[in-house]
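>>> Predicted model, plus sequence, below.
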Amino acid sequence: MTTSIPTSPSTRSPPAKRLKSDVSDIPNTIETNGFTEITEAPIKSEFIDDNNEIIPKASTSTSTSTIEQTKPKVQQQQQGVKTKKNRKFKRVLPDKYSAGDVLFQDIRDFLGQEYVDNLINEKNGLEWEFPEELKLFEEIVLDVSAFTVSGESISLYTSTSNPNKKWTIITPFAHPGDKIRVKIYKHDRLCSYADLQEILEFSETYRGGEGDRRKFPQNGCKYFGECGGCQLQPLPYSLQLEHKKRTVELAYKRFSNLSGSVLPNIQDTIGSPKQWEYRTKITPHFDSAPKWIQKQLKEQGEEVALNSLKNGDGDQHKNGWQLRIGFERKGKPGVMDIEECPIATPVLNKKMTEERKRVQDTIMSFSRGATLLLRDSLPEPIPKPDIDNPFNSETAPEISPEDHIAITNHKLPVYEKVGKYLFSFNAGSFFQNNNSILIPLTDYVKEAIFPSTSSLSTIITKSKSKLPTHLVDTYCGSGLFGITLSDKFEKVAGVEISNDSIIAAKKNAEMNKLQNKTTWLCGKAEDIFGDLPKNGFKGENSCVVIDPPRKGCDEPFLKQLLEFKPLTIVYVSCNVHTQARDVGYIINESDKKEGWKYVVESLRGFDLFPQTAHVESVAVLRLVEN
């Protein structure tokens, strides 16, 4: 199947890297005029009602499911487990809506839903039994068939010992159409995990992007293929956006418990204006010196210990030790040493050089590993804006990216400008990490709530509803949506269970001269909407924006939301899978009401993290009066 490719937004090439890789033979033309569904071969996802709990309770976290199976002896031996006759093993299933659960859905679609369901329904554990000839740590050659939602490759393995058995191999950094040599390192349910050893034949269908170092050796990231941070770097940007659109589609098919007839077509993903040097926060980490070096320091002095560090060969034994400061390797334990990150802003890469040297010079003072915080910030304004001296974007001086500073203390304030508004928050607190897309994101939300004149009459006629005059910003954090959308509303209320966030949001409102228009409420989880009515906020005049953490909303929150009955709901999510679950709950529960219900008006992804498989999604729900 092929679909049209959306036009890629304007961009410049990624920054040049210090290391160059050899350029392999590359054809003069790269085929990017068609796009095969990311989950093809033969993935056709439909929602499965498995009668699992849809919304987690507020008082308890989602527990990890386990099942017990008798593990075959050959598997016990291969995985280094002591064998014992009739020994019972607990098989751990991933949490619902987690990355592991999403991967299982990819595998189920790939192998065929009927095949997988029949295998599991037999309840004899056969879905855990890998082909007996598929040994751990042995290398095999595969043809890659598809991408998973997380951006890894999925390949079909046909057992030689049992041709009727279907199995999958999950390998990072390979693309559909590639022929690859891999090393198996782990067996799991219906799949084995492998490290990529070599790409024997390259498919150009999903390559040729600005970050493809085979074609553009000075571009992209020299650590791609080992660092676990990015998954889609070689893809042309239009195909990255198409992958993320497909992710949203699959999430709603799999997890919303809604039929396709009540869901609108997924709109094209909105691309990031910056695709490199956009990330405003990074957190590299490092391990402390091993105990044998710390013992050397104590018994033989600093000079001997430092010589052990200096002569380290990367082997964490008494032959030496190498300090690594960076991010986790993909599929391998330990930290990968990283000097720069091309998706981080320039000021953060400059600061990372300084921080690396500081840690290298003081590593013997660390008794345990640690995580560094580097956050891009505007310089502190002079004079500092407050309630008596509010920020004015028209008179504020323009600040170039070269004049930004990097904050490394999580308690110090960070300053960030979004449109005409200035925000301040502690460096350790949450704020979106791609400033370049925040204006397109907030403008889109504003337009969704207040559509253009051409579509306004149709929406009002269809919903038999008026437009909101009040905004309720739930999970408001530092007030991003409440403040940036404030000029369209008479009153704004921000609601949070975190008192520190409410304090920051209130200060930001005062800093932008919005203290008379905004109310910031620290609500209890069981009564998050409780104080809204007495502050003039009623469902019949309100829009509610929801921007929860990755776990999504809990059931008490969604019940309160339905009782509040706002005119419009805009759900912004960093985890489209839990968003789909929650939107499905709202639609299905409201459908039980008499005289009104919610409809899904639009669904769309936003690319806050180019080069990665992550997608932010926005769902717009409108109240319909019957």
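Looks like it arrived, so ask away. Numbering: from 1, shown residues only.
>>> So what's the gap between the longest helix seen in the chain and the chain middle?
Longest helix in the chain, counting residues (DSSP state H): helix 237-255. Distance of helix 237-255 from the chain centroid (Cα atoms, centre = their mean, to the nearest Å) equals 13 Å.
>>> right, and the helix or strand after that helix?
Sequence order places strand 267-270 as the next helix or strand after helix 237-255, per DSSP states H and E.
>>> name the helices or strands packed onto the helix or strand following that next one?
Counting by DSSP H and E, the next helix or strand C-terminal to strand 267-270 is strand 281-282. The contact analysis (3 or more Cβ pairs under 8 Å, 6 or more residues apart in numbering; DSSP states H and E) places strand 281-282 against helix 346-362, strand 374-377. Every residue, glycine included, has its C-beta placed from N, CA and C.
>>> Strand partners (parallel or antiparallel) of strand 281-282?
Strand pairing for strand 281-282, determined by DSSP bridges: strand 374-377 (antiparallel).
>>> Dump the partner strand to PDB, restricted to CA.
Extracted C-alpha coordinates of strand 374-377, given in PDB (Å, rounded to 0.1, in the frame of the first residue of the first chain):
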ATOM      1  CA  LEU A 374      21.600  20.700  31.300                       C
ATOM      2  CA  ARG A 375      18.800  23.100  30.400                       C
ATOM      3  CA  ASP A 376      18.700  25.800  27.800                       C
ATOM      4  CA  SER A 377      17.600  29.200  29.100                       C
END
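>>> what element comes up after it heading to the C-terminus?
strand 405-407.
>>> List the neighbouring strands of that following strand plus their orientation.
Each strand paired with strand 405-407, and its direction, by DSSP bridges: strand 374-377 (antiparallel).
>>> Show me what the strand it pairs with is in contact with.
Residues outside strand 374-377 that contact it (Cβ atoms under 8 Å, 6 or more residues apart in numbering): 280-284, 344-345, 347-348, 351-352, 355, 404-408, 413-416, 427, 435.
>>> for the chain, what helix or strand is lowest in average pLDDT?
Using mean pLDDT, DSSP states H and E, strand 35-36 stands out as the lowest-scoring helix or strand of the chain, at a mean of 33.
>>> now the helices for this structure?
All helices of the chain, identified by DSSP H, fall at 73-78, 99-111, 113-121, 237-255, 291-300, 302-310, 346-362, 438-449, 453-463, 480-484, 499-511, 555-564, 576-590.
>>> So for stretch 198-215, what gets flagged as buried?
199, 202-215 (16 or more other Cβ atoms under 10 Å).
>>> what's the neighbour count on Lys123?
Using other Cβ atoms under 10 Å, Lys123 has 10 neighbouring residues.
>>> Wait, Tyr115 touches Thr168, no?
No - at 11.6 Å, Tyr115 does not count as touching Thr168 under the criterion of Cβ atoms under 8 Å.
>>> neighbour-wise, which of these two wins?
Comparing Tyr115 with Thr168 by other Cβ under 10 Å, the one with more neighbours is Thr168, at 24 against 14.
>>> which residue packs closest to that one, ignoring adjacent ones?
Excluding the flanking residues, the one nearest Thr168 by Cβ to Cβ, 6 or more residues apart in numbering is Cys191, at 4.3 Å.
>>> Show me what the one you found bridges to in the sheet.
In this entry, Cys191 is beta-bridged to Thr168, Asp188, by DSSP bridges.
>>> ok so, going back, need the helices of the chain in CSV (columns: mean pLDDT and distance to Val544).
What follows is those, written out as CSV (pLDDT from 0 to 100; distance: least, Cβ to Cβ, whole Å):
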stretch, mean pLDDT, distance to Val544
helix 73-78, 46, 50
helix 99-111, 97, 27
helix 113-121, 96, 36
helix 237-255, 98, 20
helix 291-300, 78, 53
helix 302-310, 71, 55
helix 346-362, 95, 35
helix 438-449, 96, 10
helix 453-463, 53, 15
helix 480-484, 97, 10
helix 499-511, 95, 16
helix 555-564, 95, 7
helix 576-590, 98, 11
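>>> for the residue nearest to Leu373 when sequence neighbours are not counted, what are its contacts?
The shortest distance from Leu373 to any non-neighbouring residue, by Cβ to Cβ, 6+ apart, is to His410 (5.3 Å). Contacts of His410 were listed using Cβ under 8 Å, 6+ apart, and they are Leu373, Asn426, Ala427, Gly428.
>>> Among those residues, which pair sits farthest apart?
Based on Cβ to Cβ, the longest span within the contacts of His410 runs between Leu373 and Asn426 and measures 10.5 Å.
>>> coming back round to it: for Tyr97, find the nearest of the helices and strands packed on strand 281-282.
Of all those, it is strand 374-377 that lies closest to Tyr97, at 29.0 Å by Cβ to Cβ.
>>> Now do that closest one, average pLDDT.
Across strand 374-377, pLDDT averages out at 98.
>>> ditto for stretch 275-286
Mean per-residue pLDDT for stretch 275-286: 97.
>>> end to end, how far does that stretch reach?
For stretch 275-286, the separation between the terminal residues is 27 Å (Cα to Cα, to the nearest Å).
>>> And for stretch 475-487?
Distance between the two ends of stretch 475-487: 20 Å, counting by Cα to Cα.
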